[in-house]
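Participant: This is a predicted model, with the sequence first.
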Amino acid sequence: KPDKVETELGIERFDEEGRCLKLTFKDFILFNFYIPNGARDKRDIPYKIEVYKELFKIFKDIKNKNIILCGDFNIAHSELDVFNSKQNENNTMFTPIERTQIDELINLGFTDTFRYKYPEREEYTWWPYMGDLRERNVGWRIDYIFVSDFLKENITEAFSEIETTGSDHGPYNTVFDFDLDIKELPKYKKSQGSLF
């Protein structure tokens, strides 16, 4: 059970839209995000970039703590993260300005848990609802779990679940080996999906 639960970060529109949950535990702080998409016609990309800039200010102040950042970041970072990267290079979620936000997050001192474990693997977390794209695994990796760099040695596994349906996203999981004072450890199964 967290010591503190917060749903506002001081970013007015972002907070009003209910896009963040911050859970403070004894041993770590977990942020769960739903970052704005940016819109197909790109009208909300400036809002999206503004959110990232405001989040970076928050992260910079706490990056030396045990931080876990997870959720829908609505950006595919590299060409490995989009099935048809050349075809999508100017589309929302894969424009250069959006991809730079993930670069900045990494430069702040955070590790992409999946890329840490699998630097070259093509694996996705989101498949559009059309043309059997999920069945053909034509997707994007836009959901992430980042950790403070010094926690990366605790990552034991990272995987997404194409077979778990109910959304156009599949669960993304990272398994950690932490020596934490937790009364009851959460259980995880690859078929069910869980953060730990």
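Facilitator: Thanks, I have it. Numbering: from 1, shown residues only.
Participant: in the helix ranked longest in the chain, what counts as buried?
Facilitator: Assignment by DSSP state H gives helix 45-62 as the longest helix of the chain. Along helix 45-62, these residues count as buried under the neighbour rule (16 or more other CB atoms under 10 Å): I45, K48, I49, V51, Y52, L55, F56, F59. (Each C-beta comes from the backbone N, C-alpha and C, glycine too.)
Participant: from the chain's centre, how far out does that helix sit?
Facilitator: For helix 45-62, the distance from its own C-alpha centre to the chain's C-alpha centre is 14 Å (CA atoms, centre = their mean, to the nearest Å).
Participant: Next secondary structure after that helix?
Facilitator: Using DSSP states H and E, the helix or strand that follows helix 45-62 towards the C-terminus is strand 67-72.
Participant: From the rest of the structure, what touches that next one?
Facilitator: Contacting residues not belonging to strand 67-72 are listed as 28-35, 59, 105, 110, 126, 142-148, 151, 169, 172, 174, 195 [CB atoms under 8 Å, 6 or more residues apart in numbering].
Participant: cool, stretch 100-114 as well?
Facilitator: Applying CB under 8 Å, 6+ apart, the set of residues contacting stretch 100-114 from outside is 49, 52, 56, 59-60, 63, 67, 69, 73, 75, 77, 121, 123, 141, 144-149, 151-152, 155, 158-160, 172, 174.
Participant: Then stretch 3-16?
Facilitator: 18, 20-26, 36, 47, 51, 54-55, 58.
Participant: could you flag which of the contacts of stretch 100-114 are buried?
Facilitator: Neighbour-count burial (16+ other CB under 10 Å) is assigned, among the contacts of stretch 100-114, to 49, 52, 56, 59, 67, 69, 73, 75, 77, 123, 141, 144-149, 151-152, 155, 158-160, 172, 174.
Participant: Wasn't V147 part of a strand?
Facilitator: Yes. Read with DSSP: H, G, I helix; E, B strand; the rest coil, V147 is one of the residues of a strand.
Participant: so what's it bridging to?
Facilitator: V147 has the following beta-bridge partners by DSSP bridges: I68, T111.
Participant: And S194, what's its pLDDT?
Facilitator: Confidence per residue is given as pLDDT, and for S194 that number is 40.
Participant: which residues touch N64?
Facilitator: For N64, the set of contacting residues under the criterion of CB under 8 Å, 6+ apart consists of S148.
Participant: Which of the contacts of strand 67-72 fall within strands?
Facilitator: Secondary structure defined by DSSP state E assigns 29-34, 110, 143-148, 172, 174 of the contacts of strand 67-72 to strands.
Participant: which of those residues lies closest to P2?
Facilitator: Within the set of these, L30 lies nearest P2; the separation is 7.9 Å, counting by CB to CB.
Participant: and the closest one, how many neighbours?
Facilitator: Other residues lying near L30 total 18 when counted by other CB atoms under 10 Å.
Participant: With that, I have no additional questions.
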